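>>> Take a look and give me a structure for this.
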Amino acid sequence: MHNYKWNNLANAIDGVKGDSDKLQNKIHAIAISILAGWAQDAKRGPEAAQYMTNLVNNAPWHGASLAVWVGIFSTMQYSKDNECYFVQEGQKFKKDNLDAAKAKPFWVVKPPKKPKAFNIWDALGKEIEKADRHLKKPVDGDVVDQGVINKLRELYAQRPVQ
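Numbering: from 1, shown residues only. Predicted coordinates for the structure are as follows:
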């Protein structure tokens, strides 16, 4: 691991944006290459689907946006059971779709979500409310321990005033 000197931190932080942009562009270029290879030869469809699965899985920060993009610009389907993309035998990818996919990168199609602030006290209050609802109207498989709920209420009552 590289440790940055205090005087170089601002430049290093600014460099993260450039690195992030490079990574986005690299992922987009790989995805386009997968689709281009499939467009050139329909027999590559199953292999293209496997490549796309690997790309989405290996880009965890961008995977959700990339998956939406794949759904819009390709005819690949996703199997939730097998957790992978697939194509039907002989299924083709048209070069016309490739131009549209090139023009609209995945981060434009579905921008990544902004992180939301987390408040432990709000979350605890919501969970207590949820447990109360399940105590009033139980659902098969519920495990709601009244003793635990009481202790959580005691803890919640000690929350700082906001």
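
>>> Give the helix, strand or coil label for the most centrally placed residue in the chain.
The centroid of the chain falls nearest to Ala64 when counting by Cα atoms, centre = their mean (3.2 Å). Of the three states, Ala64 takes helix under DSSP: H, G, I helix; E, B strand; the rest coil.

>>> my guess is it meets Lys110, correct?
Yes. Look at Ala64 against Lys110 with Cβ atoms under 8 Å: they come within range, at 7.0 Å. Just so you know, the C-beta spots here come from the backbone N, C-alpha and C atoms, and that holds for glycine as well.

>>> low pLDDT regions in the protein?
Residues of the chain that meet the criterion pLDDT under 70 lie in 111-113, 162.

>>> per-domain residue ranges of the chain.
Per the record, the chain has its domains at 6-109, 120-157, by automatic domain parsing.

>>> Out of these, indicate the one that is most buried.
The highest mean neighbour count among the domains of the chain, using mean count of other Cβ atoms under 10 Å, belongs to domain 6-109: a mean of 15.

>>> Touching whichever strand or helix holds Asn150 from outside, list them.
Applying DSSP states H and E as the criterion places Asn150 in helix 146-157. With Cβ atoms under 8 Å, 6 or more residues apart in numbering as the test, helix 146-157 has contacts from Trp121, Leu124, Gly125, Glu127, Ile128, Ala131, Asp132, Leu135.

>>> Relative to Arg133, how far out is Arg153?
Using Cβ to Cβ, to the nearest Å, we find Arg153 at a distance of 15 Å from Arg133.
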